[in-house]
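Novice: Predicted structure and sequence below. I'll ask about it afterward.
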Amino acid sequence: MKQVLPAILCLAIFVSACSCAYAFDFRSELIGGQPALKGEFPEIIYISSGNARCSATVIGPRVIMTAAHCVRDGADISPVGVASFVFDQRVYKATCLQAPLYRDGIEDHDMALCKTDKEIAVRFASISKRGPKVSDEALLSGFGCINPGGGGGNDGILRYGVAKVTQLPAGTNNWFYTKASAALCFGDSGGPSFLKLSDPAREKHFVIGVNSRGNIRDVSMMTALFIEKSQDFFKRFADDEGVEICGINQNC
């Protein structure tokens, strides 16, 4: 049974009128987080799709990952969307595909993969096949607001914070949950959550989740990437699109 929480909200920012009534500035940051140093997380990017603004992760030379609800234009329920982002002063465009389960109405499998129009020269994140345990710590990140309930920030700096895992995916529930002062906020949708390594000097960043929902205070919900449903989606996308995904069909 899914955990029942008050005010569970999607975390994308919509910059024009839409079905969501919370258009906070997308250039604010993670609740309870700290600013990332320049170049510390080069794989985390900011994307736009229609009128939505979200965080995302580069996981291969031509693959970015974000939340499925980020690549819909307002109320448009089309499974395919076009995203764009600026990196290294160049504009990239990408065609995005929502996970099949999300298209079938299982919204806790909230993830999408996008194939870019050209290769991205950046250090890539790797998809983890190993998930956390309850009470483990995860590293949350994104370009969302900084105040509980929304708002604040407005400085365009990526932030990250540590949160304790409180619940793992089971059965039809594809999210894992964290609870801490570090929490997701509007604009963090689609960003990565990392497996917190015991050795912080290691360069690889292993992604265990995609930012999806939260109560905009202390509880966050991430689509689990280490479960079989997600791993299958990565493999099918890599095969169908002929692309490399770090941790799936490529060691990065």
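Specialist: That came in fine, so what should we check first?
Novice: C-terminal to the helix or strand of the chain at the bottom of the mean pLDDT ranking, what's the next element?
Specialist: Taking mean pLDDT, DSSP states H and E as the measure, the chain has strand 13-14 as its least confident helix or strand, at a mean of 61. Past strand 13-14, further along toward the C-terminus, the next helix or strand under DSSP states H and E is strand 34-35.
Novice: Can you spell out which helices and strands pack onto that following strand?
Specialist: strand 159-167 (3 or more Cβ pairs under 8 Å, 6 or more residues apart in numbering; DSSP states H and E). (Each C-beta comes from the backbone N, C-alpha and C, glycine too.)
Novice: Now find how far off-centre the strand it packs on is within its chain.
Specialist: Averaged C-alpha coordinates place strand 159-167 at 14 Å from its chain's average position (Cα atoms, centre = their mean, to the nearest Å).
Novice: now swap in stretch 164-183 and tell me
Specialist: With Cα atoms, centre = their mean, you get 14 Å for stretch 164-183.
Novice: measure that stretch end to end?
Specialist: End-to-end distance for stretch 164-183: 10 Å, by Cα to Cα, to the nearest Å.
Novice: can you pull the buried residues of that stretch?
Specialist: Applying a neighbour-count criterion of 16 or more other Cβ atoms under 10 Å, one finds 164-165, 167-169, 173-180, 182-183 buried in stretch 164-183.
Novice: Just give me the closest of those residues to Leu113.
Specialist: For the buried residues of stretch 164-183, the residue nearest Leu113 by Cβ to Cβ is Asn174; the value is 15.4 Å.
Novice: so who does the closest one touch?
Specialist: 101, 106, 108-109, 223-224, 227, 229-230 (Cβ atoms under 8 Å, 6 or more residues apart in numbering).
Novice: Point out where the stretch 101-250 of the chain drops to low pLDDT.
Specialist: Scanning the stretch 101-250 of the chain with the threshold set as pLDDT under 70 gives 152-156, 198-204.
Novice: follow-up on the earlier one: out of the buried residues of stretch 164-183, name the ones that lie in helices.
Specialist: Secondary structure defined by DSSP state H assigns none of these to helices.
Novice: out of those residues, which one sits closest to Leu30?
Specialist: Using Cβ to Cβ, Ala182 comes nearest to Leu30 of the buried residues of stretch 164-183, at 6.6 Å.
Novice: is it true that the closest one touches Ala138?
Specialist: No. Judged on Cβ atoms under 8 Å, Ala182 makes no contact with Ala138 at a distance of 9.3 Å.
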